[in-house]
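Visitor: Provided below are the primary sequence and the corresponding predicted coordinates.
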Amino acid sequence: MRAALPAVASGAGVAQILGPEGRVLVTGRAARLRRWAASHLGAGRPPRKGARPATDLSPVATAVRFALTTSAFHQRLVFERLMAEQVPLSARRDLRAPGYLHLDPTERFPRLAVRAAASGRAWLFGPFKDRAAAGRARDALHKRFPLRPCDYAFEPDPALPLGLGCVYAQVRTCAAPCLCRVSEEDYRGLARSVASFLGERSADAEPSLPPWVAAAELSRGLVVEKSRAGFELYPVWNGAVLEEHAVGLAAAEQAEAALAGLAWVDPSPPRDDTPWLSAWLHAPRRTGHHLVVRDLESLAARLRALLDPA
């Protein structure tokens, strides 16, 4: 197998080393594919002193296959597509389940709650890095909006012991619908304003809310990544990256034409990229950008400003 190394490209991309019957032995991302393959086939550089060398797979390896990628996001995308075929999400130790905030203004007495996407995407806002991050955002929102923090069921009454004994009602950080301090309709109006804030706020409105937080159900997004040829645009629809509808552009002046070639549609077959996309969004060294898409007119202006800050 070492004799096959010269055929492996030396650029950035994703590679797999195969064993008997085409079984995948290892999949990896690398800035230098040939060096990565050599390290797994016993032909790499000596490891640093005290470091454990990569396992030599040359006795069982039968082939090396690879794909060159054009950008950091493209590399992550190709890697995740391959991993989805080999490893169930429940077995991925490198991905943390994202957290969401749930707020349904149609409920009788709506409240903010931390949820997981597995509970359904209706009235979810996110993604957050994890449930703890979603909890911090919920606490920050409670300081700004007097939604009830409790999960009690009640019938409103000015003398309700449950409300009279509640510290949030006493210090008036809660609108206290349980004590009839606000009508049911006005309270649901408050909840609607919070849902609107979560879905349409400006990026710097609340430090605990990352700028990509949006309604999880049927949300549109756009990943913008710099590539060797200019820039790449990847539409995101309802948690799925639509690489089949991605486009490239060489300069900011082409923003309108590039956006006209994008499509936000249901992927076929259906897929959910939220777990790894959330990990990419929260990565400390992420190079790309994610824009929440509300209308194409404002998106074009935001895209031009992002591509040409001057």
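Guide: Here it is on my side, so go on. Numbering: from 1, shown residues only.
Visitor: can you map out the strands along the stretch 201-310 of the chain?
Guide: Along the stretch 201-310 of the chain, counting by DSSP state E, counting those that start in this stretch, strands occupy 214-215, 220-227, 230-237, 240-241, 247-249, 289-292.
Visitor: now the closest residue to residue 251 other than its chain neighbours: how far from residue 193?
Guide: In space, and not counting its chain neighbours, residue 251 is closest to residue 230: 6.6 Å by C-beta to C-beta, 6 or more residues apart in numbering. Bear in mind the C-beta positions are built from the backbone N, C-alpha and C, glycine included. Residue 230 sits 41 Å away from residue 193, going by C-beta to C-beta, to the nearest Å.
Visitor: Over to residue 240?
Guide: On the measure of C-beta to C-beta, residue 240 and residue 193 end up 30 Å apart.
Visitor: again with residue 87
Guide: Residue 87 is 42 Å from residue 193, by C-beta to C-beta.
Visitor: How about residue 53?
Guide: Residue 53 is 59 Å from residue 193, by C-beta to C-beta.
Visitor: Residue 240 and residue 193: which is more packed in?
Guide: residue 240 (18 against 13; other C-beta atoms under 10 Å).
Visitor: contacting residues around the more buried one?
Guide: The neighbourhood of residue 240, defined by C-beta atoms under 8 Å, 6 or more residues apart in numbering, consists of 266-267, 270-273.
Visitor: What of residue 230?
Guide: Here residue 230 is in contact with 248-251 (criterion: C-beta under 8 Å, 6+ apart).
Visitor: Spatially central residue in the chain, please.
Guide: residue 278 (2.4 Å; C-alpha atoms, centre = their mean).
Visitor: From what I see, that one and residue 131 are in contact.
Guide: No. Residue 278 lies out of contact with residue 131 (C-beta atoms under 8 Å); the separation is 12.0 Å.
Visitor: quick revisit: from the contacts of residue 240, which land in helices?
Guide: Using DSSP state H to define helices, no part of these is located there.
Visitor: Any stretches of the stretch 51-200 of the chain with poor pLDDT?
Guide: 118-119 (pLDDT under 70).
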